[in-house]
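predicted model and sequence below, questions to follow.
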Amino acid sequence: MKKVIILSVLILMGQNSWAQIRQFQTSRLMSTGGAGVASVLSTEAAVLNPSASAFYDESSFSYQSYSSVLQKKNDLRQSLPDPYPGTNKSQGAFMTDHSGSIKGGVAYIKQHENSFERERLVLHGAAPMGKSSSVGVSYNYLQDLRPKKLNPRHQTHHQASVGLTQIVDEDTILGLVIYDPTRTTPGEERLVGGFQYTLADRFTIIGDYGAQYTKSFSKKYLWAAAVQINIFSDFFFRTGQFYDNITKLKGTGWGVSWIGPRFGVEFAQKFSEQFESGYVYKDERIVDSSLSAIIKF
């Protein structure tokens, strides 16, 4: 009985550290392991770098959905209530409007995982700073619902991010984003820079590096790297790897996409392993599977 009580306390302590749900990722981002701060992406501008919207003329609607399952479960879950039961599902709807001088969009995201729920409303906009650079800002209204045994159960946050994109030449792009500069959501502040380099219009290298800027950059850092292969004019294959010393997660991702003139679909998987106790128990693995569709108009 004493052992059970001690383990229960440890789990409750762990759940406080798990209160931050992982950042929502689209199919595209899962396939690259999260890399893409310097990629000029329309849908992902809402959750990655808002300044990318400035380079688009087409508007779009996208629906993203992914499920998460936990593998290699720790033995502690057999004797105590499991805070990561079954399959966890998340989804998001993204609308962009690139018809005006200020380009941007709105997104609604709902996540459910690890016994926590998060609803997120995103507004973002971007404007050019010359022909080859842009600046963007996003606002996030976050509503978190925690398990009944944790107080406070409801939490509301107003989170912002600021991004910059610089197109160096037709092959090279640089990007920089600061997430939550006002530190309204403790532990989610980030500073991330990245690059994208394309070879012969068919092979693209993508890399990001960042840190939790309120901590030591040598201890609270993250990186992600990926490659993209354009097999045909509208078919893409991507694979990536990431290491996040903030959430103590590392892993890989892969995905395929077909993007036509007015319609596109993507599928991706990401495999995340906990190398220290943090979001889940040490050595446990999260498998995310994502499917999305986009309509351009």
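All right, it came through fine.

going forward, measure contacts between C-alpha atoms and count neighbours the same way
Will do.

who touches Glu117 in this structure?
21, 110-111, 144-146 (Cα atoms under 8 Å, 6 or more residues apart in numbering).

wait, Met95 touches Ala107, no?
Yes. Here Met95 reaches Ala107: they are 6.1 Å apart, a contact under Cα atoms under 8 Å.

on that earlier part again, tell me the buried residues within the contacts of Glu117.
Buried members of the contacts of Glu117, counted by 16 or more other Cα atoms under 10 Å: 21, 110-111, 144-146.

could you work out the most separated pair of those residues?
Largest separation among the buried ones among the contacts of Glu117 by Cα to Cα: Lys110 and Arg146, giving 13.8 Å.

next, count neighbours for Gly61.
For residue 61 the amino acid is Phe, not Gly. Number of residues near Phe61 (other Cα atoms under 10 Å) recorded here: 20.

so it lies in a strand, does it not?
Yes. According to DSSP: H, G, I helix; E, B strand; the rest coil, the state of Phe61 is that of a strand.

pLDDT score for it?
According to the prediction, Phe61 has pLDDT 98.

tell me the SS of the nearest residue to it once chain neighbours are set aside?
Among residues not flanking Phe61 along the chain, Met95 sits closest, at 4.6 Å (Cα to Cα, 6 or more residues apart in numbering). Of the three states, Met95 takes strand under three-state DSSP.

mind exporting stretch 204-214 as CSV, just the C-alpha atoms?
The C-alpha trace of stretch 204-214 is given here as CSV (Å, rounded to 0.1, in the frame of the first residue of the first chain):
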residue,chain,number,x,y,z
THR,A,204,15.5,20.2,-50.6
ILE,A,205,17.4,20.3,-47.3
ILE,A,206,15.6,21.7,-44.3
GLY,A,207,17.1,22.5,-40.9
ASP,A,208,16.0,24.2,-37.7
TYR,A,209,17.7,25.0,-34.4
GLY,A,210,16.2,26.6,-31.3
ALA,A,211,16.1,27.0,-27.6
GLN,A,212,13.9,27.9,-24.6
TYR,A,213,15.4,31.4,-24.5
THR,A,214,14.6,31.9,-20.8
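
what sits up against it?
Residues contacting stretch 204-214 (Cα under 8 Å, 6+ apart): 35-39, 187-198, 217, 220-229, 246.

can you do 6 Å?
By Cα atoms under 6 Å, 6 or more residues apart in numbering, the surrounding residues in contact with stretch 204-214 are 35, 189-198, 217, 220-228.

can you point out the buried residues in that stretch?
Buried, per 16+ other Cα under 10 Å, within stretch 204-214: 204-213.

any idea how far stretch 280-289 is from the chain center?
Stretch 280-289 sits 16 Å away from the centroid of its parent chain (Cα atoms, centre = their mean, to the nearest Å).

and if you look at stretch 236-252?
For stretch 236-252 - counting by Cα atoms, centre = their mean - the centre lies 11 Å from the chain centre.

tally of neighbours for Thr87?
Neighbour tally, Thr87, other Cα under 10 Å: 14.

same question for Asp201.
Residues near Asp201, counting by other Cα under 10 Å, number 12.

over to Leu199?
Leu199: 11 neighbours (other Cα under 10 Å).

if I look at it, how far off is Gln228?
Going from Leu199 to Gln228 by Cα to Cα, to the nearest Å gives 10 Å.

quickly run through the sheet partners of the helix or strand where Gly264 lies, with directions.
Element membership for Gly264 (DSSP states H and E) is strand 263-274. Looking at strand 263-274 with DSSP bridges, its partner strands are strand 249-259 (antiparallel), strand 285-296 (antiparallel).

list of residues touching it?
Contacts of strand 263-274 (Cα under 6 Å, 6+ apart): 27, 30-31, 248-258, 282-295.

next one: stretch 44-58
Residues from elsewhere that reach stretch 44-58, judged by Cα under 6 Å, 6+ apart: 37, 40-42, 98, 103-104, 126-128, 134-137, 163-164.
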